[in-house]
Structure formats: structure tokens, C-alpha cells
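[1] Any chance you can model this:
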Amino acid sequence: MPTPSPTCAPPARLPDLAPYASNPAASRGRRYPQAASTSRDAFQRDRDRIIHCSAFRRLRYKTQVFVAPDGDHFRVRLTHSLEVAQIARTLARALGLNEDLTEALALAHDLGHPPFGHSGEDALEAAMAPYGGFDHNAQTLRVVTKLEHRYPGFDGLNLCWETLEGLAKHNGPVYAPGWALAETDAGHALDLTTYASLEAQVAAIADDIAYDNHDLDDGLRAGLFSIEDASSVGFTATCWTAVTARFPDVRSRRRLVPELLREQIGRMVDDLLTESRARLVVAAPRSVDDVRAAGRTLIGFSPAMVAASRDLKAFLRAQMYAHPLVSALRDPSQAVVTRLFAAYHADPALLPPEWAASAPPDEPQRARHIADFLAGMTDRYALRCHEAIIGPSPLPTHIHI
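    Numbering: from 1, shown residues only. Just a heads-up that it's a prediction; the model follows:
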């Protein structure tokens, strides 16, 4: 194991951590040495750098499910990331893991998403297919290692090895990295074929818990389906029965739906903690390196909750993501991204001056430069750019903000 970087000094006080938790005092360090902080440990600094970066602020205007929603109460990428971080910190604390690393990973996990949610990503994937492809997870690594320019001496945020590792491998080992992840790995080798830390595993499953439940909330709020429809999912029916039995005198469904979400999230969290603790007992890791070498994910749901989560996802896929009101925006959203890529690729002079001046002349670097610019766009900025260089967008006017 590499010697910890001298720039990652121990903090003044460490919380009680399990032996298999990630310890900032033992970090493998940063690619570019920096003096240690006297008031924050290495993982706290990473979390703060993520919160203060431009890409994090842009999440405010990036789609979660609804394109540039004109309702103030629907989730966007920023609110989703904050909700994931809250769930992840709760889990990390209960398991004796490092909360700051867990929070940093949760807050950063969607930084690479392009505008218009999965529709925008599909369009950018198609446009980039001849040039190595596009993947939002790898793009997140590109954002924090290259595209953020907040320091005079280097590109990116210069995050700790453990933070980069967690962003790269939170879904498990990577045996065939695409070009973007391979580029990051070449600059700061991340041991891609091992499992990630427990903090990264927690952040990944907290993402699942958050979007399963909060998409259910948004779908109900938007009137895409009813409680009766959602109760076709056995897990949701059981939780709804528990909620209505607990509050028999409350007739307002608007008051009961938040309690349904609390019930579902609470049951998921409890199940996850029980199952994960049992796996940890069996695996008996004594260090974070034992976790990486465990040969399996140690944070996860029981088989019954895996099935419940799968059923809920299937319901949301059918009743929300494929709903006619949502589907009607998919093709127009993709058209905006596709047209912008084609226009900028044909004439990089259409890019803002700084981006135009730095556009590479050769492929695939030129196409990747265009994809970096497009992936950083918010929904509303993409619409404004389309209006300026192509013409009125194909999206309905009520979402033009």
C-alpha cells in the first residue's frame, strides 16, 4: 500500500470509526501535493471543494426527471444530491464509517450529468459514439480532475485518492474502463479492479433509496399516478397500510404522502443496516483494504428488499418515466442536445470565446471538447444556446425558463 501523503495530516479529533472505515489520516493523498489544513481533515476538504465548485451549483438547473420543471417543488439534480447525502450520512454514522467521505461522494455523484436527464445523456452518448462514447459517471471524474478550474497550479479539484476511487467504483469494480475513466486512472491509479470503500458503497445505495422514494413523491405530486396505482407495488401497499392505520383520523392524502415516504425510507434503511452488519460479520474485514479485497459488495439490501426495490423501480419506469407527459419531452430534449453537438462540432467558433480558443483541431479530442461543454450545460442554458445559434427549440414553451 502506498505511503500516506504528508499533506493529509490527522485532524484534531476523529470520530469513533470502525476498523474498516476510511481514515483521512491514512489517505493515499492527492495527485498534486498541498499543505494540510489545520482545521479540516482531507475528506472534509474534499466535501467542501465539491460544494463550492461551479459544477455543483449548476445542478440547481439540471433535470432529475422533469425537464426544466416550472413547478417549484419537483426535484432537480441539486436537491436530489442533497437528499442522497442526508441518507448516506445516516447510514455511515450507524455503521461507524467516515461521514465526511460518504457525504463528499454523495454530493459529487451526479456532477457529470448533462442537461435534460437521461434523455440528454442518451443524445450525447449517440453523438459521441464515434469518438469513444459518453458516460455520466466517468464524466464526473473528468469534472473533478480536469474541467473545474479553481486553482492556479492545476486543473480540477485535486481530490483525495479515496474520493476519486469512490466516484470511479461506487457501482463495483471496473474491468473495462472507457476512455474518460482510463484517462483519470492513468493520472492517479485507482485500483479499478478492486471493490470500493464502504463509504462509496453506502453513497451508491443511498442514491437508489433517494430516487426510488423521491421520484414516487414527484410522480404523485404531478398527478402522473395515484396512491391506488402505487399500491400495486406490494412494498408500497404495506407501507401505506401502516401509515393510514397510524393516522386513522387524517383524511388528507397530501398530509399522508410524506409519511409514506418516511415509512418506506425508514424500512429500507433498517433493512440495509441489518443486512450489511450481517455481511460484515461474515467477511470480518479488519481494514479498508480488506473491504477492497472482499470479492463482493458488503453494503446491500436483503433479498426481500432487493425484490421490493426492483418492483418499485419497475412501477416508476412504467408509470412515470414512460408516462406520455414525460415521454413527450424525450425526443425534443434529445433533439436540442443533438443539434447543439452538431453545430458546435461543425463550427467550434460558435462556442463561447474561452471554449472556442481552446478547441483541439484533431479528433477525437475536438468532439470530447464539445461534449465537455455540452455536459456542463444546465437545461435552461442549453435552451438559450439553441435559441441563439439554431432557432426556437422543439420543447414546449411552458418549460422555457
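[2] List the residues that contact S309.
    D208, D212, F235, M268, F301 (Cβ atoms under 8 Å, 6 or more residues apart in numbering). Glycine gets a C-beta too; all of them are placed from N, C-alpha and C.
[3] Quick check: of those, which has the highest neighbour count?
    Within the contacts of S309, most neighbours by other Cβ atoms under 10 Å means M268, with 25 neighbours.
[4] is it fair to say that one lies in a helix?
    Yes. Counting by DSSP: H, G, I helix; E, B strand; the rest coil, M268 falls inside a helix.
[5] That one - nearest residue in space that isn't next to it in sequence?
    Excluding the flanking residues, the one nearest M268 by Cβ to Cβ, 6 or more residues apart in numbering is I209, at 5.0 Å.
[6] Let me see the ranges of the strands in this protein.
    For the chain, strands defined by DSSP state E do not occur.
[7] just how off-centre is the helix or strand of it with the lowest mean pLDDT within its chain?
    Ranked by mean pLDDT, DSSP states H and E, the weakest helix or strand in the chain is helix 324-327, scoring a mean of 84. Averaging C-alpha positions (Cα atoms, centre = their mean, to the nearest Å) puts helix 324-327 23 Å from its chain's average.
[8] Burial check on G132, number of neighbours?
    Count around G132 with other Cβ under 10 Å applied: 18.
[9] check contacts around the closest residue in space to it that isn't next to it in sequence.
    Of all residues not flanking G132 in the chain, W179 sits nearest, at 4.2 Å (Cβ to Cβ, 6+ apart). W179 sits next to G132, G133, P364 when contact means Cβ under 8 Å, 6+ apart.
[10] Surely the second one touches L124?
    No. Counting by Cβ atoms under 8 Å, G133 stays clear of L124, with 9.4 Å between them.
[11] So which of those two has more stuff around it?
    Ranked by neighbour count (other Cβ under 10 Å), G133 and L124 place L124 first, with 27 against 17.
[12] Give the full set of residues in contact with the closest residue to that one other than its chain neighbours.
    Nearest non-adjacent residue to L124, counting by Cβ to Cβ, 6+ apart: F134, 4.7 Å away. Shown in contact with F134 (Cβ under 8 Å, 6+ apart): P114, E121, L124, E125, A127, M128, A371, A375.
[13] and the closest residue to the last one other than its chain neighbours, how many neighbours?
    I take that to be A375. Leaving aside its sequence neighbours, A375 sits nearest to P114 (Cβ to Cβ, 6+ apart; 4.4 Å). Applying other Cβ under 10 Å, we find 27 residues neighbouring P114.
[14] and the gap between P114 and A371?
    Distance, P114 to A371, using Cβ to Cβ, to the nearest Å: 8 Å.
[15] which residues are common contacts for the two?
    L124, F134.
[16] before we move on, back to that, does the residue nearest to M268 touch D271 like I think?
    No. Contact status for I209 versus D271: not in contact, 10.1 Å apart, counting by Cβ under 8 Å.
[17] who has more neighbours, the two?
    Between I209 and D271, counted using other Cβ under 10 Å, I209 has the larger neighbour count: 21 against 18.
[18] Which residues are in contact with that one?
    I87, I265, M268, V269, L272.
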